[in-house]
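Q: what shape does this take:
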Amino acid sequence: MSRSLSRWRIALANKLAKAGNNGPAEQMKPLVVIPARMSATRLPGKPLADIHGQPMIVHVWRRAIAADVGPVVVAAGEAEIVEAVEAAGGRALLTRPDHPSGSDRVWEAVERADPHARHDVIVNLQGDLPMLDPAALVRVLEPLADPAVDIATIAIEIHDEAERDNPNMVKAVAALGPDNPIAQALYFTRARCPAGSGPHFHHIGIYAYRRAALRRFVGLPPGKLEQWEKLEQLRALAAGMRIDVALVDMAPFGVDTPADLERARALLKPKNPSPNPQRP
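A: Got it, this is the predicted structure:
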């Protein structure tokens with residue numbers, strides 16, 4: 001187990017103990033769902049993009065398995081994604097191709113994979129994070145130790161000035177800091193917020209929902225703020241749902257473009273590749 005993964009597990013166990021539980025098993029039974037579809041605009045066929053002999057979705061699935069927070073299911077929009085995951089030994093479900101969002105795809109998979117509601121927490125993990133630190137899936141569960149929290153997510157402090165004004169860098173507006181590593185989200189935005197010098201926090205789109213919260217969320221109509229900001233999580237805030245944010249110290253690298261894919265291949269290149277056998 002990595003040092004960071006062990007650290008977050010200990011922190012989660014301590015929080016649950018303070019809440020009157022003996023550990024994660026007594027408080028939470030998470031199910032990790034990875035939504036994936038082939039029709040990405042900037043990188044079509046992204047889930048099956050090859051990274052050193054394995055499709056990207058398989059890399060993400062392996063990272064989720066390594067976190068060991070619960071069973072992992074891929075919610076696939078196409079049969080070829082199911083085939084790739086099953087070939088690697090994983091579980092995947094073919095979902096409707098016309099879902100308006102990843103959250104809707106996740107909920108369909110939850111209802112089919114767990115019809116008896118044995119899992120009370122659903123982790124929605126993006127399928128384009130092949131370098132995910134498994135510790136992130138432990139960390140995202142921590143805010144749910146507070147029973148008042150409906151949805152949990154994670155963020156990292158922004159230190160690059162240019163990123164504060166980058167609309168592709170979504171900001172979580174929350175009073176986070178070294179002495180307050182978990183805080184309630186007041187807003188999410190693509191703009192610089194707060195207006196002053198900071199701190200500013202980059203929102204990482206990994207979510208842990210209470211099952212009832214996810215059921216409610218996918219039944220809500222899109223709100224005005226969601227439509228204006230193009231940020232789905234604002235629908236939950238507008239409906240009065242509480243989202244808490246946990247601060248992390250490493251952001252997972254997401255693959256959205258061909259250039260990102262090449263970078264991921266370089267970063268994940270085996271350090272000691274096996275030499276090709278020499279024929280006599």
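
Q: which strand residues bridge the residue nearest to residue 237 when sequence neighbours are not counted?
A: Spatial nearest neighbour of residue 237, chain neighbours left out: residue 243 (6.4 Å); criterion: CB to CB, 6 or more residues apart in numbering. Where C-beta positions appear, they are placed from N, C-alpha and C, glycine not excepted. Beta bridges link residue 243 to residue 151 when assigned by DSSP bridges.

Q: just the element for the nearest residue to residue 90 once chain neighbours are set aside, please.
A: Leaving out its chain neighbours, the residue that sits closest to residue 90 by CB to CB, 6+ apart is residue 61, at 4.9 Å. Assigned by DSSP states H and E, residue 61 belongs to helix 56-67.

Q: before we move on, what about residue 34?
A: In this structure, residue 34 sits in strand 30-36 according to DSSP H and E.

Q: who touches that strand?
A: With CB atoms under 8 Å, 6 or more residues apart in numbering as the test, strand 30-36 has contacts from 47, 57, 60-61, 64, 67, 69-77, 81, 95, 102-103, 105-106, 109-110, 113-114, 119, 121-127, 137, 141, 208.

Q: between it and helix 56-67, how big is the angle?
A: For strand 30-36 against helix 56-67, the angle by axes from the mean of the first three to the mean of the last three CA atoms, to 10 degrees is 170 degrees.

Q: what are the C-alpha coordinates of strand 30-36, in CSV please?
A: This file holds the C-alpha atoms of strand 30-36, laid out as CSV (Å, rounded to 0.1, in the frame of the first residue of the first chain):
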residue,chain,number,x,y,z
PRO,A,30,-19.2,2.0,-1.3
LEU,A,31,-19.7,0.9,-4.9
VAL,A,32,-17.3,2.5,-7.4
VAL,A,33,-18.8,3.2,-10.9
ILE,A,34,-16.8,4.4,-13.8
PRO,A,35,-18.9,5.9,-16.7
ALA,A,36,-17.4,5.6,-20.1
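
Q: now the element after that strand, going C-ward?
A: For strand 30-36, the following helix or strand on the C-terminal side (DSSP H and E) is strand 50-51.

Q: any idea of the mean pLDDT for that next one?
A: The average pLDDT for strand 50-51 rounds to 95.

Q: ditto for stretch 136-149
A: For stretch 136-149, the mean per-residue pLDDT is 96.

Q: the helix holding residue 61 - contacts with which helices or strands?
A: strand 30-36, strand 72-76, helix 79-87, helix 135-139 (3 or more CB pairs under 8 Å, 6 or more residues apart in numbering; DSSP states H and E).

Q: save these as TSV, and put in distance to residue 256 and mean neighbour count too.
A: Shown next, in TSV, are these (distance: least, CB to CB, whole Å; neighbours: other CB atoms under 10 Å):
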stretch	distance to residue 256	mean neighbour count
strand 30-36	14	26
strand 72-76	19	27
helix 79-87	18	18
helix 135-139	18	26
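
Q: residue contacts, the residue nearest to residue 237?
A: Going by CB under 8 Å, 6+ apart, residue 243 touches 149, 150, 151, 152, 153, 184, 185, 233, 236, 237.

Q: go with 7 Å
A: 150, 151, 153, 185, 233, 236, 237 (CB atoms under 7 Å, 6 or more residues apart in numbering).

Q: which SSE is the third one in?
A: Counting by DSSP H and E, the element that carries residue 153 is strand 151-157.

Q: not counting its own residues, what contacts that strand?
A: 136, 139-141, 143-144, 172, 176, 199, 201-204, 206-209, 213, 236, 241, 243-249, 251.

Q: can you tell me the SS state at the spatially most central residue of the chain?
A: Note on the chain: the residue nearest the mean C-alpha position is residue 206, at 2.4 Å, using CA atoms, centre = their mean. Using DSSP: H, G, I helix; E, B strand; the rest coil, the structure places residue 206 in strand.
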